[in-house]
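>>> sequence first, predicted model second:
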Amino acid sequence: MNKVAKHLFFVSFAQFALPEIGLCLHYKRRKHMKAKNPARFLILALYFTILSAMSTQAQLTAQMPTLKSSGYAPVNGLKLYYEIHGEGQPIVLLHGAYMTIDLNWREIIPELAKSHKVIALEMQGHGRTADIDRPVTFKALGDDVAGLLKYLKIDSADVLGYSLGGTVAFSFAIQHPEMLKKLVLISTVYKTTGWQPELQAAFKNFKPELFENTPLKAAYEAVAPDPGHWKQFLAKYMEYGKQDYNLGDDNVKAIKAPALVIMGDNDGVDLRFKADLYKLLGGGVIGDFAGLPKSQLAILPGTTHVSLMMETSKLLAIIQPFLIKK
């Protein structure tokens, strides 16, 4: 782990993790351990994931060796930052909330770039893409993806989204079906009730102060055009995250592109929702009678919403065959 990562670890641990350790110490004396503050537990889990990713970097702003080009696309009033890695069938990567390309995709991009033209972007307000005076909506973020592809003169692409990025991928698929080849969704939902009730409550309790002195903030400040915009950026997305949303069961059912749904067995997404989603995408049939559907479902055992993204080799073993399948 580099010096920056070590410093961030100890600052974060001292300020945030220590109050939660008492809960863990009492685990053996309690039949079920419930977090007093689910939002704090979720962010703590994010710390360790991000620090793990940072420990593989020479520095926060280090470029990946697969990078072919990068730039800023004028899209819907944004200067949308993007990177291109590798060559082949285009695939767009959509990161999770408050993250950057590096934090979310650094381990996956080099492998996908061996067979694909990987187009990674940073959404409105994230990383190198400055925020603008525009409300956050899934429709707007989905339209930004379409705008970037048009700017790059790419007619259609595969799309891979994680968490927030997965919901944006849903939005893109619904709004721009002609531009979508295949859809990969990781630990995500298209409506609020897809999350378990405890997580829904946690989202409503998120506050910018929870992210002070965290690796997320450090990564943002290292690349953002205006590092001082951090709290406003968080508040904007957190406020939108408190609103209930539903992109529509019928709209999801109308998605014609093959879809791969990857979930953790304990990732905060409701189990019934996972099954219902797969059915909407054409799955859940008796394969021996009807044949296998074009869409697929994978549930990784022993994984959470956060730890799922650390299972790089397992994810790639599922994603790559799906992408190359004719």
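Arrived safely.

>>> any idea how far A219 is from the closest residue to T312 other than its chain neighbours?
The shortest distance from T312 to any non-neighbouring residue, by CB to CB, 6 or more residues apart in numbering, is to E107 (4.4 Å). Bear in mind the C-beta positions are built from the backbone N, C-alpha and C, glycine included. Distance of E107 to A219, computed by CB to CB, to the nearest Å: 15 Å.

>>> between those two, which is the more surrounded one?
Higher neighbour count among E107 and A219: A219, with 24 against 19, using other CB atoms under 10 Å.

>>> touching, that one and I101? I think so.
No. Under the criterion of CB atoms under 8 Å, A219 makes no contact with I101, lying 10.1 Å away.

>>> show me where the stretch 151-300 of the chain has strands.
157-162, 180-186, 259-264, 296-300 (DSSP state E, counting those that start in this stretch).

>>> show me what whichever strand or helix holds Q320 is packed against.
Here Q320 sits within helix 312-324, counting by DSSP states H and E. Helix 312-324 sits against helix 109-112, strand 180-186, strand 259-264, strand 296-300, with contacts defined as 3 or more CB pairs under 8 Å, 6 or more residues apart in numbering; DSSP states H and E.

>>> now do 10 Å
Counting contacts by 3 or more CB pairs under 10 Å, 6 or more residues apart in numbering; DSSP states H and E, helix 312-324 is packed against strand 89-94, helix 109-112, strand 116-121, strand 157-162, strand 180-186, strand 259-264, strand 296-300.

>>> which one of those lies nearest to F289?
Closest approach to F289 among those (CB to CB): strand 296-300, 17.8 Å.

>>> contacts only, for D276.
By CB atoms under 10 Å, 6 or more residues apart in numbering, the contact list for D276 reads G194, D249, V252, D270, G284.

>>> returning to that earlier point: with respect to W230, which of the helices and strands packed on helix 312-324 lies nearest?
Per CB to CB, nearest to W230 of those: strand 116-121, 19.7 Å.

>>> got the CA positions of the closest one in PDB?
Listed next in PDB are the C-alpha coordinates belonging to strand 116-121 (Å, rounded to 0.1, in the frame of the first residue of the first chain):
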ATOM      1  CA  HIS A 116     -13.000  -4.800 -26.600                       C
ATOM      2  CA  LYS A 117     -12.900  -1.000 -27.100                       C
ATOM      3  CA  VAL A 118     -13.600   0.000 -23.500                       C
ATOM      4  CA  ILE A 119     -15.200   3.400 -23.200                       C
ATOM      5  CA  ALA A 120     -15.200   4.500 -19.500                       C
ATOM      6  CA  LEU A 121     -16.700   7.700 -18.500                       C
END
